[in-house]
Structure formats: C-alpha cells, structure tokens
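In: Sharing a sequence plus its predicted fold:
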Amino acid sequence: MRNRLLLLGVDLIIAALLLLGIWYDAYLRPQHGLPAAAFPLLTSTGEPVQQNSTLQQTNYLPASTNWKEKFSDTIIQTADTYRSPNLSITITKHTIDSNQTDASEQGNHLKYGTKISYTVADVYIGDITCFQTVFAKDTYGVGYKEKLTDMAQRSNAILSVNGDSYNNNRHQDNGTIIRNGSIYRSAATDMETCVLNWDGTMKIYTPEKLNTQTLIQTGAYQSWIFGPSLLDSNGKAKTDFLTWDYIRESHPRTAIGYYEPGHYCFVVVDGRQKDYSRGMFLNELAQLFEQLGCKVAYNLDGGHCSFMTYQNHAINHPYKPEHAVPDGILLTEGIQ
C-alpha cells in the first residue's frame, strides 16, 4: 500500500511538471519573435517612408494644424517639467483620501486602506513622431519582456509609460496591433481598441466597428488592445464598462487621455501598498479623466505593470519595481 501511494505521488508530480512545461511553453517562453520595424524615415514634407519592412503600413494623413506654436525655442528641464522645440511635459503628483476601502478578493485588499496616490503627465507634442511605441527587446512576440527604464533609455525617451501588454495570455491572439504605423497583427476581438492616428486624433473602436482596412485608410499610427474606454462621447465618465469584473476592482492603473491633436495626458495610479495607495476602481479612474477635461480616455495594462518614467527613472511608486513589461509608450524628441 505504501509503495502504491509513493508511485501515485511520483505520477502526480510528473503530471504537474508536464502541465507546468506546457503552460510555460505557451505563455512565457519567448517564441517566434518578429523584429520591430525601423521607425519610418521622413521626407522633406514630413511624410514617413518605411525602411525595408515586410509589414503592411497604414496611410499617412498629416495633421491639420501646426502643433509647434506652444513650445520653447530651447530645452528647459526641471524635476517635473520639460520644454523643448518639440515637447512640453508637465508632471504633477496627487494624493487623495477616497474614504472607501476595497473589499474585493475576499477582503484581502481591505489592508490597503483608503488613500490613493497618482501621477499625471500633461503632454503637448510638436509632431506625431514625438509619440512612439516600443516592444521589449525590440521584438514583437510572446514571452518578450524588459524593464521600462531600459526600453526608455534605449529609445532616448523623455517620458514613458507601460503599454497594453499585447502579448499576455489574454491578449496574445486578440485584436489588431499597430505600432509606429506598422501592422503586426490583425485579428477579431471582444474588447475595445484605442487608436491614435497619424494626424494626432484618437478614437475608440468597439469590437463590431473594428476593421483593419478602415484603420489603414484612416491613417492609424498606434493601436492598443486592453481597455476599456472610460468616457462617453460627451467626455463624461462611464458607469458601464466593456470588461470583466476583475478589471473593475481597485488596482494600480495606467491610462491615456486625449484632449485634441497634439495634446494628451498619461495617468499612473500606484496601488496595493498599505497606508500609501490602494489603487483605483475603474469608475474612479473614469471620473478622474472627466475632471481632467479629456475627450477620450482609455485604460491600459495596470497592476504590477504600472510604471511611469521620466529621464530614465521611475517617478511613480510601483509595488513591484523590478517587474518587466512587454511594451512601452514613449515621448521623445521625434524624428528630426
């Protein structure tokens, strides 16, 4: 009897190891990586020309106004501001008491208290090439991750936030991925997609309205698949979100907001840290973007992926500071 139990235990361990190996191979091991396309060269009129890429490109539609009227002629940099001929960034930090605890996860989050700390970066860009995205290890594919500070430094970013974690087990085969004007994936989705166009406009597409050919024709420059969207068509906070219950709970957050072509903001909310910041519920995040006056706002990946860097240093307080992420959103001096 004892020997039979021993053999059964060995069999169970072997089965568990096999399942672990299958899971790792499917979701964690880097596989079939596609090198990221080089950023397009620009003609004398500012139109991008892709460099030797096999990826399909979206149409270039120029901005209707000159965004550079708001900038400094020289670079002026402080601990929370950056001004140059191409960029204007203002960073503010906020702490509030929500007077509301998080009772989710069977009450395990009650310990985080009621305070919320978050960082807002208000951003004006001189042209659309100042707004770039990057893949971990400069490679599109499952399993690739890298610290955001390393991605930012390699890309000469002034400010960066994490992206949508396009390659995690929920999103790796879901939706259309366009980065810097190149189409890496075109697939159906059950989620809302956020699209930034070459002309600086931003739009949210519901699953039934998303069509890759339309995105090509209308000049999609970047797309993200996480969500949900946070504001209605009048810029008011939504109360009903296209997502699952877990995302509605209180978490560390990263989100992007849009005011007008060339004017955006990023919000990163710290969380899961006792007596410092519990995170934000989705409805609280939506209300914040309404207060900021944005016309469009979209939730990106959060949790342990929520980071904001400024001059290659994390400026929020992530609860897992050494965590690596699949992709990033960058503010740079653009393609000169």
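Out: Noted; the coordinates are in hand.

In: mind checking how far Asp199 is from Ser306?
Out: When Cβ to Cβ, to the nearest Å is the yardstick, Asp199 and Ser306 sit 29 Å from each other. Bear in mind the C-beta positions are built from the backbone N, C-alpha and C, glycine included.

In: Of those two, which one has the most company?
Out: The residue with more neighbours, out of Asp199 and Ser306 and counting by other Cβ atoms under 10 Å, is Ser306; that gives 32 against 17.

In: Quick check: closest non-adjacent residue to that one.
Out: Take Ser306 and drop its neighbours on the chain: the residue closest to it by Cβ to Cβ, 6 or more residues apart in numbering is Pro252, 4.0 Å away.

In: Give me the number of neighbouring residues for the one you found.
Out: There are 27 residues near Pro252, going by other Cβ under 10 Å.

In: in terms of contact, does it touch Arg278 like I think?
Out: No: in this structure, Pro252 sits apart from Arg278 without contact. The criterion is Cβ atoms under 8 Å, and the distance is 9.3 Å.

In: how about Leu55, secondary structure?
Out: Secondary structure for Leu55, judged by DSSP: H, G, I helix; E, B strand; the rest coil, is coil.

In: got the contact list for it?
Out: The contact partners of Leu55, taken as Cβ atoms under 8 Å, 6 or more residues apart in numbering, are Ala37, Ser182, Ile183, Tyr184.

In: That one and Thr176, how far apart?
Out: Counting by Cβ to Cβ, the gap from Leu55 to Thr176 is 13 Å.

In: Also Cys305?
Out: Note on Cys305: its distance to Thr176, by Cβ to Cβ, is 21 Å.

In: one step back: which ones among the contacts of Leu55 lie within strands?
Out: When these are checked against strands (DSSP state E), the matches are Ser182, Ile183, Tyr184.

In: now the helices for the stretch 1-150 of the chain?
Out: Counting by DSSP state H, counting those that start in this stretch, the stretch 1-150 of the chain has helices at residues 2-27, 148-154.

In: Show me the least confident stretch of those helices, going by mean pLDDT.
Out: Considering those one by one, the lowest average pLDDT is found for helix 2-27, at a mean of 56.

In: center of the chain, which residue is that?
Out: Ranked by distance to the mean C-alpha position of the chain (Cα atoms, centre = their mean), the top residue is Gly163 at 2.2 Å.

In: what's the pLDDT at it?
Out: Reading off the per-residue confidence, Gly163 sits at a pLDDT of 98.

In: So Cys305 and Thr176 - more neighbours on which side?
Out: Set Cys305 next to Thr176 and count neighbours by other Cβ under 10 Å: Cys305 wins out with 25 against 22.

In: I'd assumed Thr254 was in contact with the more buried one.
Out: Yes: applying Cβ under 8 Å, one finds Cys305 in contact with Thr254, separated by 7.1 Å.

In: which residues do these two both contact?
Out: Shared contacts of Cys305 and Thr254 (Cβ under 8 Å, 6+ apart): Asn162.

In: which sections of the stretch 201-336 of the chain are below the confidence cut-off?
Out: Applying pLDDT under 70 to the stretch 201-336 of the chain picks out residues 336.

In: where exactly do the strands run in it?
Out: Assignment of strands within the stretch 201-336 of the chain using DSSP state E, counting those that start in this stretch yields the ranges 202-205, 220-225, 253-260, 263-269, 296-299, 308-310, 313-314, 327-331.

In: Could you work out which of those strands reaches nearest to Val134?
Out: For the strands of the stretch 201-336 of the chain, distance to Val134 was read as Cβ to Cβ. The smallest value, 5.0 Å, belongs to strand 327-331.

In: residues near Val120, how many?
Out: Counted with other Cβ under 10 Å, the burial measure for Val120 works out to 19 neighbours.

In: and for Pro252 and Arg278, which residues touch both?
Out: With the criterion set as Cβ under 8 Å, 6+ apart, the overlap between the contacts of Pro252 and Arg278 is Gly271, Arg272.

In: Look up how far Leu242 lies from Met308.
Out: Look at Met308 and Leu242: by Cβ to Cβ, they are 25 Å apart.

In: Settle it for me: which of those two has more neighbours?
Out: Met308 (26 against 15).

In: Give the bridge partners for the more buried one, please.
Out: Taking DSSP bridges, one obtains Val161 as the residues bridged to Met308.

In: these two touch, right, it and His317?
Out: No: with contact defined as Cβ under 8 Å, Met308 does not count as touching His317 (10.1 Å).

In: any residues in contact with both of the two?
Out: With contacts taken as Cβ under 8 Å, 6+ apart, Met308 and His317 have no neighbour in common.

In: Tell me who's in contact with Arg248.
Out: Residues near Arg248 by Cβ under 8 Å, 6+ apart: Phe241, Phe281, Leu282, Asn283.

In: When you filter the residues you listed down to buried only, what's left?
Out: Buried residues within the contacts of Arg248, defined by neighbour count using 16 or more other Cβ atoms under 10 Å: Phe241, Phe281, Leu282.

In: How about the first one: what's its closest non-neighbour residue?
Out: With sequence-adjacent residues excluded and distances taken as Cβ to Cβ, 6+ apart, Phe241 is closest to Pro228, at 4.4 Å.

In: Just to check, the one you found is in contact with Trp244?
Out: No: assessed by Cβ under 8 Å, Pro228 is found out of contact with Trp244, at 9.8 Å.
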